[in-house]
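A.B. asks: Build me a model:
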Amino acid sequence: MSSTLKTTFLLGSLTGLMLLFGQLLGGSQGVTWALVMAAVMNLGSYWFSDKIVLASYGAKPIEESEAPELYAIVRRLSQKANVPMPRVYLIPTDSPNAFATGRNPQHAVVAVTSGILRLLSWEELEGVLAHELGHVFNRDILVSSIAATLAGAVMWLASMARWGAMFGVGGRDDRDDRGNGFALIIMALLAPFAAMLIQLAVSRSREYGADESGARLCGNPRALASALEKLAIQSGRVPLAASPQTAHLFIVNPLSGRFLESLFSTHPPIEERIERLRRMQLGFQR
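C.D. replies: Below you'll find the model as predicted:
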């Protein structure tokens, strides 16, 4: 499925959920309200999903004077990939990780944590940044950012449904109240799983694709494999306070140590990713 179709599916899914919640909460008037809210959320998700995600992790722009080596790597890789130089952000956490976001290559952002800058060599960091730029020119970043925002919106709707069920918001008579209250409880229980299903619209294959694209871009699959190996170990030791709604954005799954969230992971097994990169390295050496 193309990125355009995935984006349409995600925005359509949110609209459908909003209309259903509006019907349960307020009948025909609720549907009208929900349609307006869905339009606002869809526009906000498209235009501001990157800002929402960056703000949720306290990411701040980092100037070239503060990290000249980091900027040099990003600029060199951008030129090789023939994409505009993305903005560079820093996430103030010791947990090592990175992600890319933005609605298109012209508005892309690459965010790295303080921890990853300390953990990796410049060669390994180049492999990680090449992976993230792989997401940019593979056009993954819009789908990923919207999925993160919409999953958060679904969780908000679930919270609304719980409160609605508690206070009997819904139909106009007792029978309607009982029926709508039951429906609201069901929706409140199912909505978090719906959020996970929306995330799963972001295929695991995109990580393999970004690994391959990144390895070819930097010309060094071994460096990216080494970085993934270090990140897998250290991110488990120093976990990132990430939400399930945004975990799919990161190069390594920050929730890998949590059983339930791991069941819904959009990341393939990191061991398999490393093995694929090592096989690529053998091809590069021939």
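A.B. asks: other SSEs contacting the longest helix anywhere in the chain?
C.D. replies: Longest helix in the chain by number of residues (criterion: DSSP state H): helix 3-56. Counting contacts by 3 or more C-beta pairs under 8 Å, 6 or more residues apart in numbering; DSSP states H and E, helix 3-56 is packed against strand 98-101, strand 109-113, helix 141-166, helix 174-199. Placement of C-beta: from N, CA and C, glycine included.
A.B. asks: Among these, show the one with the smallest mean pLDDT.
C.D. replies: Here these differ in mean pLDDT, and the lowest is helix 174-199 at a mean of 60.
A.B. asks: Output whichever helix or strand comes after that one as CSV, restricted to C-alpha atoms.
C.D. replies: As assigned by DSSP states H and E, the chain's next helix or strand after helix 174-199 is helix 205-218. Provided in CSV are the C-alpha atoms of helix 205-218 (Å, rounded to 0.1, in the frame of the first residue of the first chain):
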residue,chain,number,x,y,z
SER,A,205,8.7,-3.9,6.4
ARG,A,206,9.4,-0.1,6.5
GLU,A,207,12.1,-0.8,9.1
TYR,A,208,13.8,-3.3,6.8
GLY,A,209,13.5,-0.9,4.0
ALA,A,210,15.0,2.0,6.0
ASP,A,211,17.9,-0.3,7.1
GLU,A,212,18.7,-1.3,3.6
SER,A,213,18.3,2.3,2.2
GLY,A,214,20.4,3.6,5.1
ALA,A,215,23.1,1.0,4.7
ARG,A,216,23.4,1.8,1.0
LEU,A,217,23.4,5.6,1.6
CYS,A,218,26.3,5.5,4.1
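A.B. asks: May I see the buried residues of helix 205-218?
C.D. replies: Across helix 205-218, burial judged by 16 or more other C-beta atoms under 10 Å covers R206, E207, G209, A210, D211, E212, S213, G214, A215, R216, L217, C218.
A.B. asks: lowest confidence element among the helices and strands of this structure?
C.D. replies: Lowest by mean pLDDT, DSSP states H and E among the helices and strands of the chain is helix 259-263, with a mean of 48.
A.B. asks: next SSE after it?
C.D. replies: Next along the chain from helix 259-263, counting by DSSP H and E, comes helix 270-285.
A.B. asks: Using JSON lines, lay out the buried residues of helix 205-218 together with pLDDT and distance to I233.
C.D. replies: Listed next are those as JSON lines, based on pLDDT from 0 to 100; distance: C-beta to C-beta, whole Å:
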{"residue": "R206", "pLDDT": "84", "distance to I233": "23"}
{"residue": "E207", "pLDDT": "89", "distance to I233": "18"}
{"residue": "G209", "pLDDT": "90", "distance to I233": "24"}
{"residue": "A210", "pLDDT": "92", "distance to I233": "21"}
{"residue": "D211", "pLDDT": "95", "distance to I233": "18"}
{"residue": "E212", "pLDDT": "94", "distance to I233": "23"}
{"residue": "S213", "pLDDT": "94", "distance to I233": "24"}
{"residue": "G214", "pLDDT": "95", "distance to I233": "20"}
{"residue": "A215", "pLDDT": "95", "distance to I233": "20"}
{"residue": "R216", "pLDDT": "94", "distance to I233": "26"}
{"residue": "L217", "pLDDT": "95", "distance to I233": "25"}
{"residue": "C218", "pLDDT": "94", "distance to I233": "21"}
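A.B. asks: and of those, the nearest to L24?
C.D. replies: Using C-beta to C-beta, R206 comes nearest to L24 of the buried residues of helix 205-218, at 34.1 Å.
A.B. asks: Please tell me how far that closest one sits from A153.
C.D. replies: 22 Å (C-beta to C-beta, to the nearest Å).
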